[in-house]
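Undergrad: Turn this into a structure:
(2 chains)
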Amino acid sequence: MSVEADGATPILEFRNINTHYGAVHILKDVDLAIYPGELVCLLGGNASGKSTTLKTLLGMVTPTTGEVVLDGEVVNDKPTSYRVERGVTMVPENRRLFKRLTVKENLELGAYLRTDKDGIANDLERIYTMFPRVKERLSQRAGTLSGGEQQMVAMGRALMAQPRVLLMDEPSMGLAPALVQTNFALIEEIHDSGVAIFMVEQNANMALSIADRGWVLQTGRVVLDDTADALMANPELRASYLGG
Amino acid sequence: MTATSVPATASSSEPQWSPDPRRLVSYGAICALTMVFICLIGMPVKLDPRPLIDPILSRGYASLVWVPVVFGYSVTSFVVLEGMAARRRGPSDVLEGAIVGAIGGLGVGILGLLVDNFDLRDPLINWSPQLVDFITFGNSIGFGIVIWLVIGALCGAAGAGLHLLPETVRLYVASVVLAVVGMSFLETAATDLLQGLKLEFISDAIYAKQGGLTVRGAVIVAVLTVAGLALGRFIRANQQRAAAGRAEADLATGGGASLTPVGGAMRRRSNRELVLGGLGIVGLLLLPQFLGGIMNELLANVGLFLLLALGLNIVVGLAGILDLGYVAFFAVGGYTTAVLTSPNAPWLHPELPWFVALLIVIPIAALVGLLIGAPVIRMRGDYLAIVTLGFGEIIRLLFLSDWLAPYFGGAQGITNIPGVQIFGIATVSGTDPKAVFYLVMGFCALAIYVSWRLERSRLGRAWMAIREDEKVAEAMGINTVNAKLAAFVTGAILASFSGAIFAAKVGSIFPNSFEILVSVIILVIVIVGGMGRIAGVALGAVVLIGILGGPSQPGLLQELAEYKLLIYGALLVWMMLKRPEGLLPNVRRSRELHHEELSQDAWLKAQEIEAAAPPDPEYPGWETPA
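TA: Numbering: from 1, shown residues only, chains lettered A, B, ... in the order given. The predicted model follows:
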C-alpha cells in the first residue's frame, strides 16, 4: 500500500473513506496518508472526487463511513476550525481571495484563528520578504491585483495560518503557462521550508515533476498509488494523463 | 441627471450633435404620464387649499409643476463622450426643454378634457369635477389646455435653462428652491421650534396666517440661504489656502518624514469630527427642551426606529444576512414587556417594573433569535430572505391567533401597560414624549457602542469574510454558522429593546403594530441611509421617519402622509439607480458597489506605477495579468 516515510505517524490520513452527496457515492474506500514534510499529489480527471477529498480532509464534508485521522486522532466530527488550528490549511481553487477586501485584510483573515499577536506580525514580515510585491499592494483591494499577485496573496493568506500541511486545490488552474511555472517553484519553496503539501491537480506532468508520491483517483476510487517517478513511468497513466 | 461640461475641442471631422425628435417625444410622454399620474392619485386637489408661497403658488400646483422642470433639465443632460464633439449649450437647449414641458402640460390639459367629458369616477376616485376646476383654474376647458401648455413649456424651459447657468449659480438656485420649499413644508416644525426658543416673531414674519411662506418670508429664506452658502464657500476657500500654506511651510522646514503633513491633516480632521459630533450630541440632548409635544413625539419615534435600524444594520450591514422578518423581534420585545408589566395581561401578569422586565426580555429575545436563526441561517441569499419574511409573519399571526389569545390577548392585544419607572423619580410613558426620547437615546447610544465595538472585533472580521465569500471563510476556520447566529441574536436583542420601549410608550400593544411593512421600512432606513455605517443609518431614520413618517407615525410632512409609501418607493428606486450605497455610505460598502469603476481606477493607477518602476527581475512571471 502506501509508501511509509521512516515509520513516522502521518499528519493526515484517510482510512477507508466513503462519502455521499445525497444518494450519490463520491469517494469509494479511499485510503490516503500524508506524512510530515512530504509533497504529495492527487491526480484525476473531472468528477473523479478530487475536490471532495479536500473538503473531507478539511471537514467541510462529513464521510459516510471511514475515518479522517489528524495526528493519530479521529476527527470525523470535528469542525473545520479544529483542523485549521492544528495546521491544516487550504489554498482554494482559483485562489478565491476576498476580492473586495484589501490585501492586508486578506492576509490577516488567514490568521483568523491565531491569537499570538507577535507571531502574526512575524509571519506577516516573513511573507513580505517572500513576496515583496505583496507588500507594495497592502492597501489595494485584492480583486484589482494581477493573476500572479493574487496567487502570491492566496499563498500568503494560507501561510498566515501557520500550516503544517497545505492543501492545494488545482494550483495551476486559470493561470498562464509562465505563471504555472513560477507557481510550482513557489510551492517547492514552501515545501522546502518544512510544510507538507497535498496537491490536487489535473496537470499531472507538472505535479509529478515536483511531488514525492502520488495517487490517481478515478470515479472516486484510488486506482494507482506509487512514487512520483514510478507514476511518471507508468504506461497506463502516460496514456491517459501525460499525453503519451 | 448630471451633465459634464468639458470644453470640447471640436474639429470639423468629429461627428456633430443633432437634435433627436424621438428623444424629445419620449421624454415628453413620460413627463405627461408622470403629471397625469400625480393628478389621478389626487395630490394636487388635496394639497391645493394650502399655499406654498402665499399668494403666488399653492402646494397643489407645486406638486405638479416640478415635473416639467426636472424633465426639461434631464432631457438636456448629456455626458460628453470621448472623441465626440460636445454639443454647444445655447437657446436650442431651452427650446428642447420647452417642447418636453409643453408635451407634459398638454397631457394635463387633455386629462382635464377627458375628466370633463367622461365619467370614470368608479375606478378612479380622483376623476372629479374638482380636478377639472384645478386644471382649468375655474375657467373653460380650452383655457385649461392652453394655460397648461404654457406652464409646461415655461417650466421645461426653466429646467433646461439651468444648464446655461454657471455651476455656482446653479447650486445657488437649487439650494434656494429647496430651502423655500423645505421651509414652507416644515412650517409646523419651524413654528414649534421658534416658539420653544421664544422667537415667535420670526415665524410671524415669514409664515402667512393660512399656512405657507409669505412672499416676504420666501425672500428672507432665499437671502439667508444665499448668504449661508456664500459664507460656507468663503470659509472653505480660506481653510484650503491655510492648509496649502501649512503644507508649504512643512516642506520648507524640510525636517521630518514626508508623511507628517498627511498625518497632521488626518488628525485635524478627526478632531474636527469629534468636536462636531460632540456639539451634535449636546444639541440633540437640548433639542427636546425647546420643542412642543408633537415634535417631541416625532423625535421619540425617530429614536425608536433608529434603535431598530441600528440592530438590523448589524444583521444586514455587517453580517450580510438579508432579514426581511426583523419586526418579529420587535414584537417579541413588546409582548414580553406587556405580559410582564401590565396588570391587564391575560397571562402571568406579575406586574414587574419595566427595568426588571427588561432583564427577562433580553434572554427571551435571544432565545427567539436562536430558534428562528438556527434553521434560517443555513440558507443563502434569496432563500434566506424569503424564509425570514415568512417567520416575521408567523410571529405576528401567532400573537393574533385565538390559540395564543389566552396568553397574548389575540386581536384585543394587551392594554394598560405602565410606563418606565426610573428609580421612583420619574415615570416615562407616552404622555411624556420628551422622557421617552431620552430613554430611547440612551438605548441608541448603547446600540451604537455595541455596533462600533463589534465592527472592529474578531467577530466583525469574520462577518466581513462571510459577506465576501462564505465558503472560503469557512475554509479559513471561521465558524460561519456561529458567526451568523451571533449577528442574528444581537440584532434580535436590540430590536427587543425597541419593542420594550414601544410597549411602555404606547401603553397598549396589538398584533397589527407588527405588520410586515415595519420590517420593510426598517430595511429601507438602513438601505437609504447607508448600510454598514452608523451615521448613515441615523440619517436614514431622520429622513424617513422624521420627515416622511413611520408606518403609523406621522412625520413632518403630514400633508403627504397619504402618499408616504409612494414616496418611499420612489426614493428607494431612485437610490438604487443613482446611489446604491446610501446617503452616507460605509467606505467599504461603497467600494463593493462601485467595484468595477474602482477596479478601473486601480488598474489605471497600477499602470502608472508599473510604468514608473521597471518590473522586478526576480519575478519575471508575475507581470502577466490574469
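Undergrad: Look through chain B and tell me its longest helix.
TA: The single longest helix within chain B, with elements called by DSSP state H, is helix B:215-253.
Undergrad: Quick check: residue B:36 touching residue B:105?
TA: No. Using CB atoms under 8 Å as the test, residue B:36 is too far from residue B:105 to be in contact (11.0 Å). Heads up, the C-betas are built off the backbone N, CA and C, glycines and all.
Undergrad: Look at the two and report which has more neighbours.
TA: residue B:105 (31 against 18; other CB atoms under 10 Å in any protein chain shown).
Undergrad: about what we covered before: report all helices and strands that the longest helix of chain B contacts.
TA: For helix B:215-253, the packing partners by 3 or more CB pairs under 8 Å, 6 or more residues apart in numbering or on different chains; DSSP states H and E come out as strand B:51-54, helix B:167-185, helix B:200-206, helix B:260-290.
Undergrad: at 6 Å instead, please
TA: helix B:167-185 (3 or more CB pairs under 6 Å, 6 or more residues apart in numbering or on different chains; DSSP states H and E).
Undergrad: For the closest residue to chain B within chain A, grab the count of nearby residues.
TA: Nearest residue of chain A to chain B (CB to the nearest CB) works out as residue A:147 at 2.6 Å. Counted with other CB under 10 Å, residues neighbouring residue A:147 total 17.
Undergrad: Name the residues of stretch A:177-191 that are buried.
TA: A:179, A:180, A:182, A:183, A:184, A:186, A:187, A:190, A:191 (16 or more other CB atoms under 10 Å in any protein chain shown).
Undergrad: Next, format the residues you listed as TSV and append pLDDT and secondary structure.
TA: Converted to TSV, these look like this (pLDDT from 0 to 100; DSSP: H, G, I helix; E, B strand; the rest coil):
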residue	pLDDT	secondary structure
A:179	85	helix
A:180	87	helix
A:182	85	helix
A:183	87	helix
A:184	89	helix
A:186	87	helix
A:187	91	helix
A:190	91	helix
A:191	93	helix
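Undergrad: Among those, which one lies nearest to residue B:52?
TA: residue A:179 (65.7 Å; CB to CB).
Undergrad: Just give the number of residues close to residue 192.
TA: Picking chain A for this. With other CB under 10 Å as criterion, residue A:192 counts 10.
Undergrad: Chain B, not that one
TA: So residue B:192, with other CB under 10 Å, has 20 neighbours.
Undergrad: Which residues of chain A lie near chain B?
TA: A:80-81, A:84, A:90, A:92, A:96, A:98, A:100, A:109, A:112-113, A:144, A:146-148, A:176, A:178-179, A:182 (CB under 6 Å from any CB of the partner chain).
Undergrad: Among those, which lie within strands?
TA: Judged by DSSP state E, strands contain the following of the residues of chain A next to chain B: residue A:90.
Undergrad: Tell me how far residue B:212 lies from chain A.
TA: Separation of residue B:212 from chain A (CB to the nearest CB, to the nearest Å): 49 Å.
Undergrad: Mind pulling up the pLDDT for that residue?
TA: Looking at residue B:212, its pLDDT is 83.
Undergrad: Contact partners for it?
TA: With contact set as CB atoms under 6 Å, 6 or more residues apart in numbering or on different chains, residue B:212 has these partners: B:51, B:52, B:54, B:184.
Undergrad: how many other residues sit next to the residue nearest to it when sequence neighbours are not counted?
TA: The spatially closest residue to residue B:212, leaving aside those adjacent along the chain, is residue B:51, at 3.5 Å (CB to CB, 6 or more residues apart in numbering or on different chains). For residue B:51, the count of nearby residues is 22 (other CB under 10 Å).
Undergrad: cool, residue B:93 as well?
TA: 25.
Undergrad: Please verify my assumption that it contacts residue B:77.
TA: No. With contact defined as CB atoms under 6 Å, residue B:93 does not count as touching residue B:77 (9.8 Å).
Undergrad: Name the helix or strand for residue B:474, please.
TA: helix B:470-475 (DSSP states H and E).
Undergrad: per-residue pLDDT, the residue most central in space within chain A?
TA: Residue closest to the average C-alpha location in chain A (CA atoms, centre = their mean): residue A:167, at 1.7 Å. pLDDT recorded at residue A:167 is 94.
Undergrad: and it, that's in a helix?
TA: No. Read with DSSP: H, G, I helix; E, B strand; the rest coil, residue A:167 is strand and lies in no helix.
Undergrad: Can you tell me how far the residue of chain A closest to chain B is from residue B:328?
TA: Separation of residue A:147 from residue B:328 (CB to CB, to the nearest Å) stands at 46 Å.
Undergrad: Residue A:209 too?
TA: Distance from residue A:209 to residue B:328, by CB to CB: 59 Å.
Undergrad: In terms of neighbours, single out the busier of the two.
TA: Legend: neighbour count by other CB under 10 Å for residue A:209 and residue B:328, higher for residue B:328 (28 against 13).
Undergrad: any chance you could read off phi and psi for the closest residue in space to the more buried one that isn't next to it in sequence?
TA: Excluding the flanking residues, the one nearest residue B:328 by CB to CB, 6+ apart is residue B:395, at 3.9 Å. Backbone dihedrals for residue B:395, given as degrees, to the nearest 10, come out at phi -60, psi -40.
Undergrad: ok, which stretches of chain A are strands?
TA: Under DSSP E, chain A gives strands at A:12-21, A:24-34, A:39-44, A:65-70, A:73-74, A:88-91, A:165-169, A:196-201, A:213-218, A:221-227.
Undergrad: can I get the CA coordinates of the fourth one in PDB?
TA: Output in PDB follows, covering the C-alpha atoms of strand A:65-70 (Å, rounded to 0.1, in the frame of the first residue of the first chain):
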ATOM      1  CA  THR A  65     -18.000   5.700   6.700                       C
ATOM      2  CA  GLY A  66     -14.300   5.500   7.400                       C
ATOM      3  CA  GLU A  67     -12.100   7.700   9.500                       C
ATOM      4  CA  VAL A  68     -10.300  11.000   8.900                       C
ATOM      5  CA  VAL A  69      -7.300  11.000  11.200                       C
ATOM      6  CA  LEU A  70      -5.300  14.000  12.200                       C
END
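Undergrad: hang on, the earlier thing: residue A:90 is in contact with the residue nearest to the centre of chain A, correct?
TA: Yes. Residue A:167 lies in contact with residue A:90 (CB under 6 Å); the separation is 4.3 Å.
Undergrad: The residue in the stretch 351-500 of chain B positioned nearest to chain A in helix, strand or coil?
TA: In the stretch 351-500 of chain B, the residue that lies nearest chain A is residue B:477 (3.2 Å; CB to the nearest CB). Residue B:477 carries the three-state label coil when classified by three-state DSSP.
Undergrad: what's near enough to touch it?
TA: Going by CB under 6 Å, 6+ apart, residue B:477 touches A:80, A:81, A:84, A:112, A:113.
Undergrad: switch to 10 Å and redo it
TA: Neighbouring residues of residue B:477 by CB atoms under 10 Å, 6 or more residues apart in numbering or on different chains: A:58-59, A:79-85, A:88-90, A:109-114, A:161, B:462.
Undergrad: Could you chop chain A up by domain?
TA: Domain segmentation of chain A under automatic domain parsing yields A:1-87+A:163-244, A:96-162.
Undergrad: and the ones you listed, which is most packed in?
TA: Mean neighbour counts were compared across the domains of chain A using mean count of other CB atoms under 10 Å in any protein chain shown; the top stretch is domain A:96-162, at a mean of 20.
Undergrad: Output the below-cut-off pLDDT ranges for chain A.
TA: Scanning chain A for pLDDT under 70 picks out the ranges A:1-7, A:241-244.
Undergrad: where exactly do the helices run in it?
TA: Using DSSP H, helices in chain A cover A:50-58, A:80-85, A:103-110, A:117-130, A:132-136, A:147-159, A:177-192, A:204-210, A:228-233, A:235-240.
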